[in-house]
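**Q** 3D, please:
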Amino acid sequence: MQKLQITGGKKISGTIAISGSKNATLPILAATILTNKKILIKNVPIVRDVETMAALLSTMGSFVKLKKNEKKIEIINKKSLKTFAPYNLLKTMRAGVLVLGPLLAKYGVAKVSLPGGCSIGSRPIDLHLNALKKMGAKIKVKNGYITASAKKGLKGCLIKFPKISVGATENILIAACFSKGKTKLRNCACEPEVEDLIEFLKKLGCKINQVGKRSFDVVGVKKLKSAVHKVIFDRIEAGTYIIATALTNGRLKITNINPKIIHTEIKILTKMNVKIRKRKNFIIVSGFKKIKNVNINTKPYPGFPTDLQAQIMVLMTKADGISTIKENIFENRFMHVSELRRMGAHIEIMGNKAKIFGGKKLNGAELMATDLRASVCLVLAGLISNDKTIVNRIYHLDRGYEKIENKLSKCGVKIKRLK
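**A** Have a look, this model is predicted:
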C-alpha cells in the first residue's frame with residue numbers, strides 16, 4: 001500500500017497549474033452515453049476516479065481513448081451499449097451511479113451497482129431513484145444493485161428535490177435530455193460543475209433553460225450531435241493549494257483558474273489574513289505569520305464548500321484564538337479530526353460542529369486517511385509539523401488529486417511517495 005512522507009518546515013514558493021475538475025469530468029463522461037457521435041473532452045484530470053469512469057464506459061461497450069499526456073478523452077459509442085454497471089468498478093467511486101439516468105433514458109433498462117466512494121456519510125441515492133420513478137421508471141434495489149426499467153421511455157414531469165443534491169441534479173438533468181416532453185427541475189444544485197455539465201449537454205444539442213436561481217426546464221430530444229468540450233478547473237484543488245501556501249507562509253502563483261468561481265473561498269481566507277491578488281485567470285497567494293480565527297458554515301454553492309472543510313481546519317489550528325466549523329452537508333465528515341489530534345491539534349466536536357483551538361504546534365506522526373479530502377488535510381498538516389509525517393491509504397488521495405507530490409515538490413516541499 002502506497003503512502004506519502006512529508007517533512008515539515010518548508011515554505012511553498014513557485015507556480016502551480018490547476019488541473020481540470022474531477023467533479024465536472026465524471027458527470028460529463030456519464031452523459032456521453034446519450035450519443036453515438038464522436039466526443040472529445042479536454043482538460044481532463046488524470047486521477048483514479050476519471051480512469052475508473054473511463055473503464056466503466058469501456059466495459060459497457062464505448063470506445064474510450066484516454067490520452068494522459070494530452071489530458072484528453074475521445075469517446076465513440078456503439079449503437080447499443082451494455083446496460084450493466086458492475087460492483088467491481090463502482091465500489092470505489094460514488095459518481096458511478098450517474099450512469100443510471102442516461103442508460104435508463106436511452107435504453108429503457110439499467111442494472112447499476114450501488115456506489116462506493118468515501119465514508120463521509122450515508123449520502124443516500126433516494127433523491128435519484130424517487131425522481132426517476134416520477135418520470136415513469138420501475139426500480140428495485142436488491143443484492144447491492146439497482147435494477148430499473150422504463151419500457152415506454154421516461155416522461156417529463158415536475159420534480160422538486162426535497163434537498164439540494166449535486167449528484168441527483170446531474171443524474172436527472174442528463175436523463176431528462178432524452179425523456180419525452182418537458183421536465184421541470186426545481187431546488188437544483190447550481191455548483192460550477194453542474195453548470196459545466198449543462199454547457200456540455202447544450203453542445204450535444206440538448207434543450208435546457210435556466211428559469212430561476214435553482215430551476216431548470218429540460219425539453220427532451222431524440223438525436224444528439226458531436227461535441228468538443230473543455231472541462232472547468234478544479235476549484236477544490238485551487239482552494240487546497242491556497243490553504244497550503246497560507247500554512248507555510250509561502251508565496252504561490254496559481255494558474256488555470258477563474259477567481260470569480262472561488263469568490264467565497266477567497267473572501268473567507270482573506271479574512272484569515274491570507275493575501276490574495278486576483279487576476280483574470282490566475283491568483284498570487286502570500287501567507288502571513290499571524291492567521292486570524294474565523295467561523296464558517298459549509299453550504300451548497302455559492303457557500304463555503306464541504307470539500308474544503310478539512311483543509312481549512314488545518315489552517316485554523318495555526319490561527320489566533322478559537323475558530324468554528326459547522327458541517328451542514330455530510331453527517332460524518334470530521335473523521336480526520338482524530339488524526340489531527342494525534343498530531344497535537346486541540347479540536348472539540350459537538351454533533352456537526354467543530355471547535356478548533358488555534359496556536360497549537362503540530363507534531364509529525366504516522367497517519368491513516370479515511371477519505372479523499374481527509375487525505376489531503378493530513379498532507380497539509382504534515383507541511384507544518386515539526387518532523388516527518390507519513391500518510392497511509394493514499395489511494396483516496398489519488399482518486400481526486402493529480403500528481404500532488406510532484407506539484408508540491410516543484411514548489412519546495414519535501415514530499416515523496418513510498419511503496
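**Q** need the helices for the stretch 101-250 of the chain, in chain order.
**A** With helices called from DSSP state H, counting those that start in this stretch, the stretch 101-250 of the chain shows them at 126-134, 166-176, 192-204, 235-247.
**Q** out of those, flag the one nearest Ile257.
**A** helix 235-247 (5.1 Å; Cβ to Cβ). C-beta here means a position set from N, CA and C on the backbone, and glycine is covered the same way.
**Q** please state the offset of the helix or strand that that closest one is followed by from the chain centre?
**A** Sequence order places strand 251-255 as the next helix or strand after helix 235-247, per DSSP states H and E. Strand 251-255 has its C-alpha centroid displaced from the chain centroid by 21 Å (Cα atoms, centre = their mean, to the nearest Å).
**Q** contacting residues for the closest residue to Phe84 other than its chain neighbours?
**A** Excluding the flanking residues, the one nearest Phe84 by Cβ to Cβ, 6 or more residues apart in numbering is Lys111, at 5.0 Å. The neighbours of Lys111, taking Cβ atoms under 8 Å, 6 or more residues apart in numbering as the test, are 83-85, 145-148.
**Q** ditto for Leu34
**A** By Cβ under 8 Å, 6+ apart, the neighbours of Leu34 are 102, 105-106, 174, 177-178, 204, 224.
**Q** again, 7 Å this time
**A** Shown in contact with Leu34 (Cβ atoms under 7 Å, 6 or more residues apart in numbering): 102, 106, 174, 177-178, 204, 224.
**Q** for Glu348, state which of those residues is nearest.
**A** Ile174 (42.0 Å).
**Q** how much space separates the closest one from Ile33?
**A** The gap separating Ile174 from Ile33 is 8 Å, by Cβ to Cβ, to the nearest Å.
**Q** between these two, point out the one with more neighbours.
**A** Neighbour totals were compared for Ile174 and Ile33, and Ile174 leads with 31 against 25 (other Cβ atoms under 10 Å).
**Q** partner residues bridging the closest residue to Asn297 other than its chain neighbours?
**A** Of all residues not flanking Asn297 in the chain, Lys326 sits nearest, at 4.5 Å (Cβ to Cβ, 6+ apart). Per DSSP bridges, the residues bridged to Lys326 are Asn297, Lys353.
**Q** and Lys326, what pLDDT?
**A** On pLDDT, Lys326 comes in at 97.
**Q** surely it and Asn352 touch.
**A** Yes. Using Cβ atoms under 7 Å, Lys326 makes contact with Asn352 at a distance of 6.2 Å.
**Q** can you pull the residues that touch both of the two?
**A** Joint contacts of Lys326 and Asn352 (Cβ under 7 Å, 6+ apart) do not exist.
**Q** what about the strands in the stretch 1-150 of the chain?
**A** 3-7, 13-17, 39-42, 63-67, 72-76, 84-85, 109-113, 138-142, 145-149 (DSSP state E, counting those that start in this stretch).
**Q** let's have these in TSV, adding distance to Thr389.
**A** Putting these into TSV (distance: least, Cβ to Cβ, whole Å) gives the following:
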stretch	distance to Thr389
strand 3-7	5
strand 13-17	20
strand 39-42	36
strand 63-67	32
strand 72-76	35
strand 84-85	37
strand 109-113	35
strand 138-142	41
strand 145-149	40
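**Q** for the ones you listed, which one sits closest to Phe161?
**A** Comparing the strands of the stretch 1-150 of the chain by Cβ to Cβ, strand 138-142 comes nearest, at 16.9 Å.
**Q** so which elements touch the closest one?
**A** helix 126-134, strand 145-149 (3 or more Cβ pairs under 7 Å, 6 or more residues apart in numbering; DSSP states H and E).
**Q** state the mean pLDDT of it.
**A** On average, strand 138-142 scores 94.
**Q** which parts of it are buried?
**A** For strand 138-142, the neighbour count (16 or more other Cβ atoms under 10 Å) marks Ile139 as buried.
**Q** can I see the domain layout of this protein?
**A** 3-18+233-418, 22-226 (automatic domain parsing).
**Q** my guess is Val285 meets Leu252, correct?
**A** Yes. Counting by Cβ under 7 Å, Leu252 is a contact partner of Val285 at 4.9 Å.
**Q** who touches both of those two?
**A** By Cβ under 7 Å, 6+ apart, the residues touching both Val285 and Leu252 are Thr245.
**Q** got the end-to-end distance for stretch 215-227?
**A** 25 Å (Cα to Cα, to the nearest Å).
**Q** please enumerate residues in contact with that stretch?
**A** 34-35, 37-39, 156, 173, 176-186, 188, 200, 203-211.
**Q** any of the residues you listed buried? List them.
**A** Buried among the contacts of stretch 215-227 by 16+ other Cβ under 10 Å: 34-35, 37, 39, 156, 173, 176-180, 182-183, 185, 188, 200, 204-206, 208.
**Q** pLDDT score for Arg123?
**A** 49.
**Q** what is the burial count for Ala354?
**A** 20.
**Q** now do the same contact list for it.
**A** So Ala354 contacts 313, 324-325, 334, 337, 347 (Cβ under 7 Å, 6+ apart).
**Q** how about 10 Å then?
**A** By Cβ atoms under 10 Å, 6 or more residues apart in numbering, the contact list for Ala354 reads 309, 313, 316, 323-327, 333-334, 337, 347-348.
**Q** what's the distance between it and Ile284?
**A** From Ala354 to Ile284 the distance is 30 Å (Cβ to Cβ).
**Q** what of Leu90?
**A** Leu90 is 40 Å from Ile284, where distance means Cβ to Cβ.
**Q** which of these two has more neighbours?
**A** Set Leu90 next to Ile284 and count neighbours by other Cβ under 10 Å: Leu90 wins out with 24 against 16.
**Q** nearest residue to that one in space, please, no chain neighbours.
**A** Leu90's closest residue in space is Gly96 (Cβ to Cβ, 6+ apart), at 3.5 Å.
**Q** what's the pLDDT at that neighbour?
**A** The predicted local confidence for Gly96 is 89.
**Q** ok, now which ones touch it?
**A** Per Cβ under 10 Å, 6+ apart, neighbours of Gly96: 26, 30, 49, 52-53, 56, 85-87, 89-90, 112-117.
**Q** before we move on, what about Asp126?
**A** By Cβ under 10 Å, 6+ apart, the contact list for Asp126 reads 141, 162, 165, 168.
**Q** what about the second one, neighbour count?
**A** By other Cβ under 10 Å, 10 other residues sit near Pro162.
**Q** ok, now which ones touch the nearest residue to it once chain neighbours are set aside?
**A** Once flanking residues are discounted, Pro162 sits nearest to Leu127: 7.1 Å by Cβ to Cβ, 6+ apart. By Cβ under 10 Å, 6+ apart, Leu127 lies in contact with 159, 161-165, 167-169, 171-172.
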